[in-house]
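Engineer: need coordinates for the below:
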Amino acid sequence: MTVQSGPHILAIGEALIDVVITYEQPDFPVEIPGGSPANVALTLGRLDRPVALATWIGLDERGRLIDFHMYDSGVHVTGASRGASHTSTALARLDESGAASYTFDLEWAPAPPITVPPTAQIIEAGSISAVIEPGASAVLDALTRGREHALVCFDPNARPSIMGEPAAALASLERFIALADVVKVSDEDIDWLTGGAPIDEVVDRWLGMGVSLVVVTRGKYGSEVAMASGLRFTKTPSDVEVVDTVGAGDSFMGGMIDAMWGMGLRGADAREALRTLPEEQIRAIIDRASAVSDVTVSRKGANPPWAHELS
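Structural biologist: Numbers count the residues shown, from 1 in each chain. You can find the predicted model right below:
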């Protein structure tokens, strides 16, 4: 019996190897499995949630490293994920503050259609896999089919170095946002994608497209939360020492989904309940996400917490 035979979370998107070059030791790169949807899946696996990852990796050493990394954290990598000619990489250079800039070598061409089992109750996607063709169209099709029985969570997670012109990238990403129930986005993403449009204006547009919950993460300034119901509030940041920000947003998304799953907010039947969720429960979701992300930024790399670290 696999994870996918029962109710589960399905993350769809890139898994790759982060070749991390630190500011302190630039001559000693370290290879670590990464990729935005893969990091979300990793977070959920470590929090003991049933989660599968539909991705596109090679049958090479780096692909095996990803496989083992996911398996060790309780993530099931789907069988159709292993058809790439090589496993993609992201060269991540960390500056003095621990912030990362990326250069990519990508192959994103999962064979369509991507299988979305009817037992998937929450689907998460975003970032590179929503822009790079031919895979982006396959992901869009998967979300279109999947939202008939699942809630959809989406993170634009912009990568300026590979997403081309911001306006074109935004148009592509908004095809996915229109299918989403939950959107998590950083203020930096909004700034790049929209050319500096006011955050509230962008959030209002996305809520008008049918999104129930939009969370804008703002680093040391906390996060802004907006609901289709009209509820809005600011989550103040925690006092945590930041080692680096690799995987911070992904673990935040994973923490949100973890909280939603624990509350029973899963499956298409929960869509209306999500839209009218009381403030107390929304705050609990954001508190959980922040707690998960705080652990991730307190140590090197995309290394989200295990469940026992949060208890």
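Engineer: got the CA coordinates for stretch 68-87 in PDB?
Structural biologist: Listed in PDB are the C-alpha atoms of stretch 68-87, where the atom choice follows Å, rounded to 0.1, in the frame of the first residue of the first chain:
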ATOM      1  CA  PHE A  68      16.700   9.000  -0.700                       C
ATOM      2  CA  HIS A  69      16.200  12.400   0.900                       C
ATOM      3  CA  MET A  70      12.500  12.300   0.300                       C
ATOM      4  CA  TYR A  71      12.100   8.700   1.400                       C
ATOM      5  CA  ASP A  72      14.000   9.500   4.600                       C
ATOM      6  CA  SER A  73      11.500  12.200   5.400                       C
ATOM      7  CA  GLY A  74       8.400  10.200   4.600                       C
ATOM      8  CA  VAL A  75       7.700  11.500   1.100                       C
ATOM      9  CA  HIS A  76       6.500   9.200  -1.600                       C
ATOM     10  CA  VAL A  77       8.000  10.100  -5.000                       C
ATOM     11  CA  THR A  78       5.600   9.000  -7.700                       C
ATOM     12  CA  GLY A  79       6.800   6.400 -10.200                       C
ATOM     13  CA  ALA A  80       6.300   8.600 -13.300                       C
ATOM     14  CA  SER A  81       8.700  11.200 -11.800                       C
ATOM     15  CA  ARG A  82      11.900   9.500 -13.000                       C
ATOM     16  CA  GLY A  83      12.100  10.200 -16.700                       C
ATOM     17  CA  ALA A  84      14.400  13.200 -17.100                       C
ATOM     18  CA  SER A  85      17.700  13.000 -19.000                       C
ATOM     19  CA  HIS A  86      19.400  14.600 -16.000                       C
ATOM     20  CA  THR A  87      18.400  15.900 -12.600                       C
END
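Engineer: so for it, mean pLDDT?
Structural biologist: Across stretch 68-87, pLDDT averages out at 97.
Engineer: with stretch 108-127 instead?
Structural biologist: This predicted structure assigns stretch 108-127 an average pLDDT of 96.
Engineer: look at it and report the distance between its end residues.
Structural biologist: End-to-end distance of stretch 108-127: 12 Å, with C-alpha to C-alpha, to the nearest Å as the criterion.
Engineer: so which bits of the host helix or strand of residue 258 are buried?
Structural biologist: Take DSSP states H and E as the rule and residue 258 turns out to sit in helix 248-262. Judged by neighbour count using 16 or more other C-beta atoms under 10 Å, the buried positions of helix 248-262 are 248-261. In this view, the C-beta of every residue, glycine as well, is placed from N, C-alpha and C.
Engineer: what segments of the stretch 151-300 of the chain are helices?
Structural biologist: With DSSP state H, counting those that start in this stretch, the ranges of helices along the stretch 151-300 of the chain come out as 166-177, 187-194, 199-208, 248-262, 271-275, 279-297.
Engineer: please save the CA atoms from stretch 144-153 in PDB.
Structural biologist: As requested, C-alpha coordinates have been extracted for stretch 144-153 and formatted as PDB (Å, rounded to 0.1, in the frame of the first residue of the first chain):
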ATOM      1  CA  THR A 144      -7.600  21.900 -13.300                       C
ATOM      2  CA  ARG A 145      -8.600  18.200 -12.900                       C
ATOM      3  CA  GLY A 146      -7.400  17.900  -9.300                       C
ATOM      4  CA  ARG A 147      -9.400  20.800  -7.900                       C
ATOM      5  CA  GLU A 148     -12.600  18.800  -8.500                       C
ATOM      6  CA  HIS A 149     -11.800  16.800  -5.500                       C
ATOM      7  CA  ALA A 150      -9.000  18.700  -3.700                       C
ATOM      8  CA  LEU A 151      -8.100  22.100  -2.300                       C
ATOM      9  CA  VAL A 152      -5.300  23.800  -4.200                       C
ATOM     10  CA  CYS A 153      -2.400  25.700  -2.700                       C
END
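Engineer: centre of the chain to it, how far?
Structural biologist: Going by C-alpha atoms, centre = their mean, to the nearest Å, the spacing between the C-alpha centre of stretch 144-153 and its chain's C-alpha centre is 16 Å.
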